[in-house]
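1. pasting the structure only:
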């Protein structure tokens, strides 16, 4: 860390990002290739990321788990970064929310069925 660099501005290596976000180094490289993360390079060529890269990678993981593609996530990033949206972005966000809610509803119905089976089998050894 240079004398002019504060702890908040400290750049972190790819391994720190991966460990902090609970993903592989390969996943971090993939996010960079997809244009979702931007790395600076050290004089020796090592990838260096801002500290908020860990939160961003966790966000990416959540969005992938919810079924979004890299393209869908890249469309969300301006909303995340700017904190505001235009009408088209809001429509896209609402559509994704509805899709995810439908998935949750299906999973909840499955969970309810499993609970019934468990309750029945608990009373009949």
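-> Great, that's in hand. Note that this is a predicted model, so its numbers are computed, not measured.

2. Nearest spatial neighbour of residue 40, chain-adjacent residues omitted?
-> residue 48 (4.7 Å; CB to CB, 6 or more residues apart in numbering). Quick note: C-beta positions are derived from backbone N, CA and C, even for glycine.

3. What about the one you found, how many residues nearby?
-> 16 (other CB atoms under 10 Å).

4. roughly how far is the helix or strand it falls within from the heart of the chain?
-> Assessed by DSSP states H and E, residue 48 sits inside strand 47-49. Put simply, strand 47-49 sits 18 Å off its chain's centre (CA atoms, centre = their mean, to the nearest Å).

5. And for stretch 11-30?
-> In this view, stretch 11-30 has its centroid 12 Å away from the chain centroid, taken as CA atoms, centre = their mean.

6. Give me the residues contacting that stretch.
-> 37, 39-40, 46-51, 53-54, 57-58, 61 (CB atoms under 8 Å, 6 or more residues apart in numbering).

7. go with 7 Å
-> Residues outside stretch 11-30 that contact it (CB atoms under 7 Å, 6 or more residues apart in numbering) are 37, 40, 46-51, 53-54, 57-58, 61.

8. Parallel or antiparallel, list what pairs with the strand holding residue 48.
-> Strand 47-49 has the following strand partners under DSSP bridges: strand 12-13 (antiparallel), strand 40-41 (antiparallel).

9. pLDDT averaged over that strand - what is it?
-> Average pLDDT, strand 47-49: 94.

10. quick one: residue 21 and residue 9, what's the gap?
-> Plainly put, residue 21 is 20 Å away from residue 9 if you go by CB to CB, to the nearest Å.

11. Pick out whichever of the two has more residues nearby.
-> Each of residue 21 and residue 9 has its neighbours counted (other CB under 10 Å); residue 21 has more, 20 against 11.

12. Distance check, residue 55 against residue 42.
-> Distance, residue 55 to residue 42, by CB to CB: 22 Å.

13. which outside residues touch the helix or strand of the chain with the lowest mean pLDDT?
-> Using mean pLDDT, DSSP states H and E, helix 70-82 stands out as the lowest-scoring helix or strand of the chain, at a mean of 82. For helix 70-82, the surrounding residues in contact (CB under 7 Å, 6+ apart) are 34-36, 60, 63, 85, 89, 92-93, 96.
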